[in-house]
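In: what would the 3D arrangement of this be:
(one chain, ligands or ions: 1)
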Amino acid sequence: MQNNQQMKREAPNILITGTPGVGKSTLCQQLSEVTGLRWLEISKIAKDNNCLEEYDEVYQCPVLDEDKLLDGLEKVMCQGGNIVDYHGCEFFPERWFDVIFVLRTDNTTLYDRLVSRGYSGKKLEDNIDCEIFQTILEEAKASYKENIVHELNSRTPEELQANINRICLWLQEWFHDNQNI
Ligand SMILES: Nc1ncnc2c1ncn2[C@@H]1O[C@H](COP(=O)(O)OP(=O)(O)O)[C@@H](O)[C@H]1O
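Out: Model (predicted):
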């Protein structure tokens, strides 16, 4: 059963998540072009809007000011029609999303992609562990209704295309089911 805020959305909100390097940006960019939905690249939005608090030396990444980020996104998320791209999902309000896709790769593929991005040491190891232990998939299943969480392989260009087709199909069904709102 949808709540009132979801009922008002003219188009759905889609969350694309997964370990860094699984292919979120690649998929979101193409999906945004094909569907006309707005691509919200959370890491970039956080940086551009001063939502990064400090630098974590151990993990070699900035710490996110989650409250500030969420407050800034509330209006656009209530409008709907967003593809949200982030390597985490538990801190977003559950009501924001109609569907969650968790991208997955094998370890060798991910290792090669992260090394060519310049990752090394603990940062590289932690991200590979994140994929091995399917941390983001478990996080998504714990944070959202399991029937809206879908796992997609994202290892090859063929799988990328298949994922775009699958999400477009999901989108068509959403518009069909929600055409009278
Ligand atoms: N399905 C895919 N098949 C082959 N290479 C891919 C695929 N998806 C992404 N890549 C490549 O993997 C790298 C990481 O992709 P990116 O979209 O930046 O990941 P993320 O946004 O999850 O960090 C890029 O070099 C990209 O071209």
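In: please identify the helix or strand for residue 50.
Out: When elements are defined using DSSP states H and E, residue 50 is found to belong to no helix and no strand.
In: state the phi and psi torsions of it.
Out: Its backbone dihedrals place residue 50 at phi 50, psi 50, with angles given as degrees, to the nearest 10.
In: could I get the contacting residues of residue 80?
Out: By C-beta atoms under 8 Å, 6 or more residues apart in numbering, the contact set of residue 80 is 8-13. Any C-beta I mention is one placed from the backbone N, CA and C, and that applies to glycine too.
In: quick one: contacts for residue 83?
Out: Residues touching residue 83, when contacts are defined by C-beta under 8 Å, 6+ apart, comprise 14, 16, 28, 31-32, 35, 37-40.
In: nearest to the ligand, of those residues?
Out: Distances from the contacts of residue 83 to the ligand were compared by C-beta to the nearest ligand atom; the smallest belongs to residue 28, at 7.6 Å.
In: need the nearest residue in space to that closest one, chain neighbours excluded.
Out: On the basis of C-beta to C-beta, 6 or more residues apart in numbering, the spatially nearest residue to residue 28 that is not a chain neighbour turns out to be residue 85, at 4.4 Å.
In: tell me, how many residues neighbour whichever residue of the chain sits closest to the ligand?
Out: Closest contact between the chain and the ligand, by C-beta to the nearest ligand atom, is at residue 23 (2.7 Å). By the measure other C-beta atoms under 10 Å, the count of residues near residue 23 is 24.
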